[in-house]
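Participant: sequence and computational prediction follow.
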Amino acid sequence: MAGDISRSSFNPLKHFSGVRMQQGRVQLDADWNEQVDIATYFTRAATADLIGPSGAPAADAGFAITAQGGGLAIGAGRMYVNGILCENSQTALVASGSANSQPDLPGYTLPTQPGMYTVYLDVWERDITALDDPSILEIALGGVDTTTRSRIVWQVKLMGALGGCTPNFSGLLPPSTGTMQAQAQPNSGASTPCAVPAQAGYSSLENQLYRIEVQTPGYAPTATFKWSRDNGSVVAAWLSNPASDQLVVSTLGNDQVLGFAGGQWVELTDDTHLLNGLPGTLVQLSNAQMVGQSPTLTLNLATASGSTSFLNFPLNPIVRRWDQVASSSVTFSNGAVLLQEASWLTLENGVQVEFTAGGFYHTGDYWLVPARTATALSSPSVVWPVNGSNPVSLPALGITHQYAALAVATLDAKLGWSVNSDCRLIFGPAAVPGGIHVTNMRTIQPSTELGNDTLVPLTTFLNGIKLTCDAALDPTTLKLPTLSVTLDTPVDGADSVTTGIYPAATPIKLMANLAVGDPGNVSAFWIPTPQARALVLEQMAVFAAQTENYGEALVSVTFKGSFVWEKGSSSSLLNGPAFGTPQNGNIGIALPSGNGQRGGDFQCWFWVPGYTDSSFPNGYVPFISHASIAGPDSTGDYVVVGEMTSTSLQSMAALPEPDVAARKIYTNPIELAPGLQVFAYVPIDLERGGNFSNFGVAIHDPKTGSPFPGNIIPAAEQPPFSPKAAPGVFAWRIRGIYNPPSAYGYADGYGALGAELI
């Protein structure tokens, strides 16, 4: 709540860079305050531009979330949210009720429903007066109330983990959308000697700053507001509650104008209400008088909108005066004015406000309307921006909330709280040299440079990827979450070759073996597991069956800069710092998503082609598990037998007829997998139906190990032509195996022919 000020004059659209004093002039509080606002705006904008929406400094990264004591702990340190510095001087607990030790969030309660939650930081600014912090007063001057302070409030809260580390805050915690305009209207009803003539517009002889503040949140007409002609600055500390209808306060006010009196409306509130965004209790005074030596306010309890018990206001209770008055044109609800939109409402003395239709309002939203009396140079008026002669509708001046995700945590009914991931972005000082940069990205076998939008053969991609940096990597930071590769393939038959559209992509994060290597450990190696290779091959077959033109699938590579650092230097992170330093060496094959900031992620994407009629089997065996090899027989051929999905079976059936004489599709050997090269064949007509009676070596059921009688796979065991059917058994004839493997099999899960040779 603002103090006793004349107006708030800062407007960022005017692009002022400073306020200059002139000699012999009157000093105004508005000038001083505008200079503070200009400096604050510049500092926060520059900080946000350099750091981004949020970040924690590597030297003192604060707000780390850990599981502790049946709840969650908030680590000490610093963090910036949209340029605002948040500091936590010591570890605090996000717990339930009295166990919660957050300084700015009294009484917060953790969720009790098991599930996954996003832990986030809510940051806003609060005005502090001498009632909130008596140290502001100068005792040498007798405790004169001179200035107020602004204070950063940070609160750690939880919400459902929709979006994980990147929740849509504007959608989940929508800001207020209500707007308001103000004007002065001639008051033909002026009847007191102290009123300016009706044609003057604003009809009071006092300069005022009207504060219009939302009491009850929501939409009109449910929402309500209260108003004060003195910016809500008439306030007293609430010291005791000697009787149910009596409050002992610190003062009855400075005088009859800036004090309390019978018939006025006051709000009973404290820090538990203000910090939790809750309205206080509005109640009308019956009297304001000295009872003995105690300034005492007497309440009309019948008008109270809530509790008036001292016990329900435990943290710094106060009483604040508001000036709304019910009339034939002003409708009250629990002491506040019902908020009506699209019509002018007169507060008093010709001051009018109008709320724009369709807005949503939060408790604490406020607007300031300066009203000025007549002078030799101007008529009495309300100071409000206009477009031509029409007042402009403006959003509320506050309260403005900024948000940042801190972590994703899970509550288990038996195990309690655990932290899944740290969502903070870490940055280092701009003047510290170093940081790691990705200078090159290549396939492993064959070694080919990778860049954005390049086309990479499927088998080459499945041999692995190498990222080379300009400094040694700490091996402990190389984990699947920090170096991840994702394959996206369309699933609805989109023609990706001609349109490039992927309206229903299926993202698959691939498991892999990770290692650092090369001289000095400057390279990170990503090598997919056999199961991941088989999964990719199977998905590419599905892709080929659904996209008749056998288009290209997207591969995305992400190296998480916030969690990868140089060996022996945990403050030197990937892709940072980058305040003027190269982001990617001299190559620039891909840009870090963090725009080069320390801790920015390195990201690259490329394409792998689907299959065509002439190259469908290249690098592909469509078996998902239990694959085994029989042969060779007298022809020199082998038969691969295993489980296959109906999608792969349909793709097989769609292949063109082979060369009649040799049944060859390829004249050169194919590297089916590293270390395994074959000549591939489409099964002849009998074999397409599961009849391998012409094959001279017994083939076995991969699930049971028993031979198929007559080398014929029963139709009941084969994959049916149904997209959602369970896999069945099928076989494929091949020839000319180089380094032929012995027969082998897999347990449940994805497998790939020849994977044990990798």
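Facilitator: Received the coordinates, thanks.
Participant: okay, now the domains of the protein?
Facilitator: When the chain is parsed with automatic domain parsing, its domains come out as 52-175+400-424, 431-609, 625-757.
Participant: could those domains go into TSV alongside mean pLDDT and mean neighbour count?
Facilitator: All C-beta spots, glycine's among them, are computed from the backbone N, C-alpha and C. TSV is the format used below for these (pLDDT from 0 to 100; neighbours: other C-beta atoms under 10 Å):
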stretch	mean pLDDT	mean neighbour count
domain 52-175+400-424	91	17
domain 431-609	72	19
domain 625-757	62	17
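Participant: redo those domains as JSON lines? Include distance to residue 350.
Facilitator: Below are these laid out as JSON lines (distance: least, C-beta to C-beta, whole Å):
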{"stretch": "domain 52-175+400-424", "distance to residue 350": "28"}
{"stretch": "domain 431-609", "distance to residue 350": "52"}
{"stretch": "domain 625-757", "distance to residue 350": "73"}
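Participant: and the longest helix for the chain?
Facilitator: Assignment by DSSP state H gives helix 29-51 as the longest helix of the chain.
Participant: does anything pack onto it? Which helices or strands?
Facilitator: On a contact count with 3 or more C-beta pairs under 8 Å, 6 or more residues apart in numbering; DSSP states H and E, helix 29-51 meets strand 77-81.
Participant: residues of the longest helix of the chain that come out buried?
Facilitator: 30-31, 33-35, 37-38, 44, 47-48, 51 (16 or more other C-beta atoms under 10 Å).
Participant: ditto for stretch 282-297
Facilitator: By neighbour count on 16+ other C-beta under 10 Å, the buried set for stretch 282-297 is 282-288, 295-297.
Participant: what's next to that stretch, contact-wise?
Facilitator: Here stretch 282-297 makes contact (C-beta atoms under 8 Å, 6 or more residues apart in numbering) with 215, 226, 236, 239, 242, 245-252, 259-268, 298-301, 303-306, 308, 319, 322, 334-336.
Participant: again, only this time at 6 Å
Facilitator: The contact list for stretch 282-297 (C-beta atoms under 6 Å, 6 or more residues apart in numbering) reads 246-249, 251-252, 260-262, 264-267, 298-300, 303-305, 335.
Participant: show me these that map onto strands.
Facilitator: Among these, DSSP state E puts 246-249, 265-267, 298-300 in strands.
Participant: got the angle for the top strand by length along the chain vs helix 29-51?
Facilitator: Using DSSP E to define each element, the chain has its longest strand at strand 115-128. Angle of strand 115-128 versus helix 29-51, following axes from the mean of the first three to the mean of the last three C-alpha atoms, to 10 degrees, is 150 degrees.
Participant: quick one: strand 115-128 to chain centroid distance?
Facilitator: Chain-centre distance of strand 115-128: 12 Å, with C-alpha atoms, centre = their mean, to the nearest Å.
Participant: what is that strand packed up against?
Facilitator: Applying 3 or more C-beta pairs under 6 Å, 6 or more residues apart in numbering; DSSP states H and E, we find strand 115-128 packed against strand 149-160, strand 402-412.
Participant: out of the ones you listed, flag the one nearest residue 94.
Facilitator: Proximity to residue 94 (C-beta to C-beta) singles out strand 149-160 among these, at 5.1 Å.
Participant: contacts for that closest one?
Facilitator: Against strand 149-160 from outside (C-beta under 6 Å, 6+ apart): 74, 86, 94, 104-105, 111, 117-119, 121-126, 128.
Participant: quick check: the gap between the closest residue to residue 412 other than its chain neighbours and residue 155.
Facilitator: Sequence neighbours aside, residue 114 is the residue nearest to residue 412 in space, at 6.0 Å (criterion: C-beta to C-beta, 6 or more residues apart in numbering). Distance, residue 114 to residue 155, by C-beta to C-beta, to the nearest Å: 23 Å.
Participant: still on that earlier bit, what angle do strand 77-81 and the longest strand of the chain make with each other?
Facilitator: Angle, strand 115-128 to strand 77-81, by the same axes, to 10 degrees: 90 degrees.
Participant: sheet partners, orientation included, of strand 115-128?
Facilitator: Paired neighbours of strand 115-128 in the sheet (DSSP bridges): strand 149-160 (antiparallel), strand 402-412 (antiparallel).
Participant: would you tell me which of the ones you listed gets closest to residue 207?
Facilitator: Between residue 207 and these, the tightest spacing by C-beta to C-beta is seen for strand 149-160, at 23.8 Å.
Participant: now stretch 411-424, how far from the chain's geometric center?
Facilitator: Put simply, stretch 411-424 sits 18 Å off its chain's centre (C-alpha atoms, centre = their mean).
Participant: likewise stretch 317-330?
Facilitator: Remark: stretch 317-330 is offset 39 Å from the chain centroid, using C-alpha atoms, centre = their mean.
Participant: what residues does it touch?
Facilitator: By C-beta under 6 Å, 6+ apart, the residues outside stretch 317-330 that reach it are 131, 226-229, 232, 234-238, 249, 264-268, 270, 332, 337.
Participant: for ChimeraX, what selects the buried ones among these?
Facilitator: Remark: buried members of these, expressed as a ChimeraX selection using 16+ other C-beta under 10 Å:
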select :131,226,227,228,229,232,234,235,236,237,238,249,264,265,266,267,268,270,332,337
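Participant: in strands only, show me the contacts of stretch 317-330.
Facilitator: Using DSSP E, the contacts of stretch 317-330 in strands are 226-228, 235-238, 249, 265-268, 332, 337.
Participant: before we move on, which element is residue 384 in?
Facilitator: Using DSSP states H and E, residue 384 is not contained in any helix or strand.
Participant: hmm, it is touching residue 182, no?
Facilitator: Yes. Residue 384 is within contact range of residue 182, at 4.6 Å (criterion: C-beta atoms under 6 Å).
Participant: looking at the two, which is more packed in?
Facilitator: Neighbours per residue (other C-beta atoms under 10 Å) separate residue 384 from residue 182, with residue 182 holding more: 25 against 19.
Participant: wait, doesn't residue 110 sit right on residue 93?
Facilitator: No. With contact defined as C-beta under 6 Å, residue 110 does not reach residue 93; the gap is 9.7 Å.
Participant: can you list residues touching both of the two?
Facilitator: Counting by C-beta under 6 Å, 6+ apart, the shared contacts of residue 110 and residue 93 are residue 71.
Participant: just to revisit the earlier point, the longest helix of the chain: what's the following helix or strand?
Facilitator: Downstream of helix 29-51, the first helix or strand assigned by DSSP H and E is strand 54-57.
Participant: list the contacts of that next one.
Facilitator: For strand 54-57, the surrounding residues in contact (C-beta under 6 Å, 6+ apart) are 62, 78-81, 404, 424-427.
Participant: closest to residue 450 out of those residues?
Facilitator: Taking C-beta to C-beta as the measure, residue 450 lies nearest residue 425 of the contacts of strand 54-57, at 25.6 Å.
Participant: ramachandran coordinates for that closest one?
Facilitator: Here is the backbone geometry of residue 425 (degrees, to the nearest 10): phi -100, psi 130.
Participant: tell me the confidence at it?
Facilitator: Listed pLDDT for residue 425 reads 83.
Participant: ends of stretch 459-478, how far apart?
Facilitator: 24 Å (C-alpha to C-alpha, to the nearest Å).
Participant: buried sites along stretch 237-253?
Facilitator: So stretch 237-253, judged by 16+ other C-beta under 10 Å, has buried residues 237-239, 241, 245-249, 252-253.
Participant: check the secondary structure at residue 272 for me.
Facilitator: For residue 272, the assignment made with DSSP: H, G, I helix; E, B strand; the rest coil gives helix.
Participant: contacting residues for it?
Facilitator: 106-107, 315.
Participant: want to try TSV for these, with distance to residue 219 and secondary structure as columns?
Facilitator: Shown next, in TSV, are these (distance: C-beta to C-beta, whole Å; DSSP: H, G, I helix; E, B strand; the rest coil):
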residue	distance to residue 219	secondary structure
106	29	coil
107	28	coil
315	31	coil
